[in-house]
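K.L.:
Here is a sequence together with a model predicted from it:
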Amino acid sequence: MSKHLTGQPNMMKEINKGLIKSALQKLQTATRVELSTATRISQPTVNTIINELLEERVVIESGMAKSSGGRKAMLYSLNSKIWYTLSVVVEEHELQYAVTDLEGEAIESDFTERKEEWTVVDLTSSIADICKRHQEIRALAIGVPGAVSVKGVVFAIPKVKCLEGFALKEYLTEQLHVNVSVRNDINTVALGYYTSNMPTDCEFACLHLGNTLGAGLIIGGNIVSGSGSFAGEIGFMQTSSSIRKGELQLRSMTDKEIILAVSQIMINMICLVNPAVLAVGGHRLKESMKEELIRNCKKALPEEMLPEILFIDDERKYYMDGLAQIGMNSMNSDIRLIRDAES
């Protein structure tokens with residue numbers, strides 16, 4: 001960590017526990033000395049915390065490290081089966097979920113479709129059934145196609161009307177008694193892709209082409225949500241000579257019109273954020289559009305300020321990966337020590 005953390009002794013203890021768990025998640029196995037080096041926590045404090053985590057069964061012994069001539073040191077790793085994360089993607093008429101352990105290994109996953117619109121009761125019942133099958137679930141990360149406030153209130157979500165203005169995080173926490181995180185879909189895709197593919201602290205932008213447009217921005221390793229959790233709602237960006245009312249609707253546009261509008265937005269995003277990488281995906285993105293989008297950016301901007309432009313073929317994979325990451329992070333005593341999407 002670049003800054004010293006201060007606070008009451010109990011808070012510092014939880015912070016140090018979170019750092020050690022985060023280090024083990026990243027390193028997979030490590031000795032006490034390696035953990036002290038990785039976290040910059042003193043050796044005596046590491047020893048105390050490791051002993052406590054062993055008693056709590058959060059950490060287990062994983063054999064002996066290779067000897068460099070002296071006494072062999074014990075290796076430690078997270079007990080990946082002690083706690084599970086439930087990741088849930090909610091769409092208009094579908095629900096996809098995955099139960100993963102602390103190493104990200106899927107314990108159970110499935111996809112269901114329904115003809116009726118969701119109600120809060122139906123959605124909660126579906127999630128509760130999964131939790132009942134896996135008593136080890138300690139965190140729920142739920143992704144929605146709308147904006148989400150810092151307190152977990154959902155808004156601007158026309159696809160799932162029952163959640164409009166609903167305090168989903170508070171409600172699910174009370175109903176399910178697990179640690180709940182609620183996230184916007186595109187921000188979560190951005191987090192999942194960034195965590196898997198990008199170097200630390202790389203400025204990164206992710207652009208989604210669905211029936212409407214959305215974006216996720218990661219600056220300094222953190223998702224940019226904005227003061228009203230509206231950052232990334234680029235479908236409202238103005239790109240024509242007259243002021244457009246409402247959100248840009250790609251579903252009513254031709255491929256040629258989509259290429260022009262998306263090219264303009266990509267150029268604006270590059271000028272505003274200057275990301276090192278701009279990733280583009282979504283079901284309205286066609287293979288035939290990719291080269292022209294890149295050509296238009298090159299035509300409008302100096303080549304030295306162009307980011308690496310990538311195309312995401314499997315957004316849903318990164319969506320689920322991002323939710324699993326958020327769920328695992330939330331189990332670190334609510335102290336965000338790995339790249340989290342909540343400010």
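P.N.:
Right, received. Where do you want to start? Numbering: from 1, shown residues only.
K.L.:
Can you point out the buried residues in stretch 316-326?
P.N.:
Buried residues in stretch 316-326, defined by neighbour count with 16 or more other CB atoms under 10 Å: Y318, Y319, M320, D321, G322, L323, A324, Q325, I326. In this view, the C-beta of every residue, glycine as well, is placed from N, C-alpha and C.
K.L.:
Present those as JSON lines; the columns should include pLDDT, distance to R138 and secondary structure.
P.N.:
Output for these, formatted as JSON lines (pLDDT from 0 to 100; distance: CB to CB, whole Å; DSSP: H, G, I helix; E, B strand; the rest coil):
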{"residue": "Y318", "pLDDT": "96", "distance to R138": "23", "secondary structure": "helix"}
{"residue": "Y319", "pLDDT": "97", "distance to R138": "21", "secondary structure": "helix"}
{"residue": "M320", "pLDDT": "96", "distance to R138": "18", "secondary structure": "helix"}
{"residue": "D321", "pLDDT": "94", "distance to R138": "19", "secondary structure": "helix"}
{"residue": "G322", "pLDDT": "95", "distance to R138": "18", "secondary structure": "helix"}
{"residue": "L323", "pLDDT": "96", "distance to R138": "14", "secondary structure": "helix"}
{"residue": "A324", "pLDDT": "94", "distance to R138": "13", "secondary structure": "helix"}
{"residue": "Q325", "pLDDT": "90", "distance to R138": "15", "secondary structure": "helix"}
{"residue": "I326", "pLDDT": "93", "distance to R138": "13", "secondary structure": "helix"}
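K.L.:
can you pull the contacts of the closest residue to G104 other than its chain neighbours?
P.N.:
Closest residue to G104 in three dimensions, ignoring its sequence neighbours and counting by CB to CB, 6 or more residues apart in numbering: A324, at 5.8 Å. Taking CB atoms under 8 Å, 6 or more residues apart in numbering, we find A324 in contact with T85, S87, A98, T100, G104, A141.
K.L.:
now do D201
P.N.:
G220, G221.
K.L.:
ok, now how distant is it from P275?
P.N.:
For D201, the distance to P275 equals 12 Å [CB to CB, to the nearest Å].
K.L.:
Quick check: neighbours shared by the two?
P.N.:
Both D201 and P275 lack any common contact, where contact means CB under 8 Å, 6+ apart.
K.L.:
ok, then the element right after the helix or strand encompassing A128?
P.N.:
Assigned by DSSP states H and E, A128 belongs to helix 120-133. The helix or strand immediately downstream of helix 120-133 is strand 137-144, counting by DSSP H and E.
K.L.:
Checking A190 next. Helix, strand or coil?
P.N.:
helix (DSSP: H, G, I helix; E, B strand; the rest coil).
K.L.:
ok, for it, nearest residue in space, not its chain neighbours?
P.N.:
Leaving aside its sequence neighbours, A190 sits nearest to G216 (CB to CB, 6+ apart; 2.8 Å).
K.L.:
In the helix or strand hosting the one you found, which of the residues would be classed as buried?
P.N.:
Taking DSSP H and E as the definition, G216 sits inside strand 213-219. Neighbour-count burial for strand 213-219 flags L213, G214, A215, G216, L217, I218 (criterion: 16+ other CB under 10 Å).
K.L.:
quick revisit: next up, the contacts around the residue nearest to A190.
P.N.:
N184, I186, N187, T188, V189, A190, L191, A205, C206, H208, I223, G232.
K.L.:
wait, the first one sits on G232?
P.N.:
Okay, so that is N184. Yes. Applying CB atoms under 8 Å, one finds N184 in contact with G232, separated by 7.4 Å.
K.L.:
Tell me the residues that contact both of the two, please.
P.N.:
G214, G216.
K.L.:
related to what we said a few turns ago, so can I have TSV of the contacts of G216 showing distance to D314, pLDDT and neighbour count?
P.N.:
Output for the contacts of G216, formatted as TSV (distance: CB to CB, whole Å; pLDDT from 0 to 100; neighbours: other CB atoms under 10 Å):
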residue	distance to D314	pLDDT	neighbour count
N184	19	94	26
I186	15	95	27
N187	17	94	28
T188	14	96	32
V189	10	96	29
A190	14	95	31
L191	15	94	28
A205	18	96	27
C206	13	96	30
H208	13	96	25
I223	20	90	25
G232	20	90	25
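K.L.:
Go through those residues and say which is closest to N79.
P.N.:
Nearest to N79 among the contacts of G216: L191, at 25.0 Å, using CB to CB.
K.L.:
picking that back up, what's the PyMOL line that selects buried ones from the contacts of A324?
P.N.:
In PyMOL syntax, the buried subset of those is picked out as below (16+ other CB under 10 Å):
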select buried, resi 85+87+98+100+141
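K.L.:
so where do the helices sit in the chain?
P.N.:
9-27, 32-39, 43-55, 120-133, 168-176, 185-197, 255-273, 287-300, 315-330 (DSSP state H).
K.L.:
Relative to Y97, how far out is E170?
P.N.:
According to CB to CB, E170 and Y97 sit 21 Å apart.
K.L.:
So which of those two has more stuff around it?
P.N.:
Neighbours were counted for E170 and for Y97 using other CB atoms under 10 Å; Y97 has more, 21 against 14.
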